[in-house]
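Asks: Could you look at this predicted model? Sequence included:
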Amino acid sequence: MGTQWGVLRNLADTPLFVDSRASRLVQIADHVAYSVFRRYNTGDAQYFDIIASRFDEADGVIHGLVHKHSERYSCTCPACLSRRLGRPTPSDPVR
């Protein structure tokens, strides 16, 4: 029904644009987005390394962090490595 957990009934979300000073959850989302941006766009993993272990993982595959690029099999980032080395799931492409 759209997710591996079935139908999602409750989502914690702010349905509008807010200044990050107005909500602690938005501040956290800003920090996560900034750390991922720095990791993949500039190669600076200083902030990303702090949160990398917090991404959802099942059977050795990190979910919620995907690296879209053409050199998937040569990339050593956590997202690509987990998909190469983790246990394949039905939603993973053929390796």
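Replies: Right, received. Where do you want to start?
Asks: Reduced to three states, what does the residue nearest to the spatial centre of the chain come out as?
Replies: In the chain, the centroid-proximal residue (C-alpha atoms, centre = their mean) is Leu65; its distance is 2.2 Å. With DSSP: H, G, I helix; E, B strand; the rest coil as the basis, the three-state label of Leu65 is coil.
Asks: from memory it sits against Cys80, does it?
Replies: No - with contact defined as C-beta atoms under 8 Å, Leu65 does not reach Cys80; the gap is 9.8 Å. For every residue, glycine as well, the C-beta is placed using N, CA and C.
Asks: ok, now how distant is Tyr73 from Ala45?
Replies: The gap separating Tyr73 from Ala45 is 21 Å, by C-beta to C-beta, to the nearest Å.
Asks: Out of these two, name the residue with the larger neighbour count.
Replies: Ala45 (15 against 9; other C-beta atoms under 10 Å).
Asks: Please name the nearest non-neighbouring residue to the more buried one.
Replies: Take Ala45 and drop its neighbours on the chain: the residue closest to it by C-beta to C-beta, 6 or more residues apart in numbering is Arg39, 5.1 Å away.
Asks: List the buried residues in the helix or strand where the one you found lies.
Replies: In this structure, Arg39 sits in helix 24-41 according to DSSP states H and E. Counting neighbours by 16 or more other C-beta atoms under 10 Å, one finds that the buried residues in helix 24-41 are 32, 35-36, 39-40.
Asks: follow-up on the earlier one: for the residue nearest to the centre of the chain, list the residues it contacts.
Replies: The contact partners of Leu65, by C-beta atoms under 8 Å, 6 or more residues apart in numbering, come to 36, 55, 78-79.
Asks: where does it fall, phi/psi-wise?
Replies: phi -140, psi 110 (degrees, to the nearest 10).
Asks: How about Ile62?
Replies: Main-chain dihedrals, Ile62, degrees, to the nearest 10: phi -80, psi 130.
Asks: Numbering from 41 from now on, please.
Replies: With 41 as the first residue, the last one maps to Ile102.
Asks: Now do it, the pLDDT please.
Replies: Ile102 carries a pLDDT value of 87.
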